[in-house]
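Novice: sequence and computational prediction follow.
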Amino acid sequence: LLQQGKYSAKDNLVFDLKEEMSSKDSRIKELESQVMLREAQMEATKRELESTNERSDSKEKDMFELMRTIGDIQRAGEARESEANDLRKKAEEKAALTEQMLA
């Protein structure tokens with residue numbers, strides 16, 4: 001390779017091409033590494049999104065059950081109030097009838 005202590009033009013060209021290829025190989029590996037990192041980040045984000053959706057669905061179901069339970073409690077309270085009013089009305093009628101009988 002050495003001709004009188006110097007590289008030939010062909011040797012210089014080969015050396016330059018090898019350097020360029022090495023540089024491009026390094027850049028390709030760097031880009032591949034970045035792609036792999038982005039893919040890993042996307043997968044993590046996808047898993048996080050799925051988890052968030054599951055939590056959201058669960059909270060929505062819980063809220064539905066809570067609203068249904070509150071409705072049941074309200075209806076039961078209204079039924080007890082209606083029954084109490086009916087019993088009070090009957091008691092007042094009996095008291096009035098008893099008063100009339102005693103008078």
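Specialist: That came through, no problem. Residues are numbered from 1 along each chain as shown.
Novice: now the most centrally placed residue in the chain: which helix or strand?
Specialist: The centroid of the chain falls nearest to Thr52 when counting by Cα atoms, centre = their mean (1.1 Å). Assigned by DSSP states H and E, Thr52 falls within helix 9-102.
Novice: show the average pLDDT along that helix.
Specialist: Averaged over helix 9-102, pLDDT sits at 96.
Novice: output the contacting helices and strands for it.
Specialist: Counting contacts by 3 or more Cβ pairs under 8 Å, 6 or more residues apart in numbering; DSSP states H and E, helix 9-102 packs against no other helix or strand. Placement of C-beta: from N, CA and C, glycine included.
Novice: alpha carbons only: can I get stretch 54-65 in PDB?
Specialist: The C-alpha trace of stretch 54-65 is given here as PDB (Å, rounded to 0.1, in the frame of the first residue of the first chain):
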ATOM      1  CA  GLU A  54     -59.900   0.000  31.900                       C
ATOM      2  CA  ARG A  55     -59.900   2.300  34.900                       C
ATOM      3  CA  SER A  56     -62.300   4.700  33.200                       C
ATOM      4  CA  ASP A  57     -64.700   1.800  32.300                       C
ATOM      5  CA  SER A  58     -64.500   0.500  35.900                       C
ATOM      6  CA  LYS A  59     -65.200   4.000  37.300                       C
ATOM      7  CA  GLU A  60     -68.100   4.400  34.800                       C
ATOM      8  CA  LYS A  61     -69.600   1.100  36.000                       C
ATOM      9  CA  ASP A  62     -69.100   2.100  39.600                       C
ATOM     10  CA  MET A  63     -70.800   5.400  39.000                       C
ATOM     11  CA  PHE A  64     -73.700   3.600  37.300                       C
ATOM     12  CA  GLU A  65     -74.100   1.300  40.300                       C
END
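Novice: what about that stretch, distance to the chain center?
Specialist: Remark: stretch 54-65 is offset 11 Å from the chain centroid, using Cα atoms, centre = their mean, to the nearest Å.
Novice: one more: stretch 88-95?
Specialist: 58 Å.
Novice: try stretch 52-66
Specialist: 10 Å.
Novice: how close does the residue nearest to the centre of the chain get to Glu60?
Specialist: Distance, Thr52 to Glu60, using Cβ to Cβ, to the nearest Å: 12 Å.
Novice: that'll do, ta.
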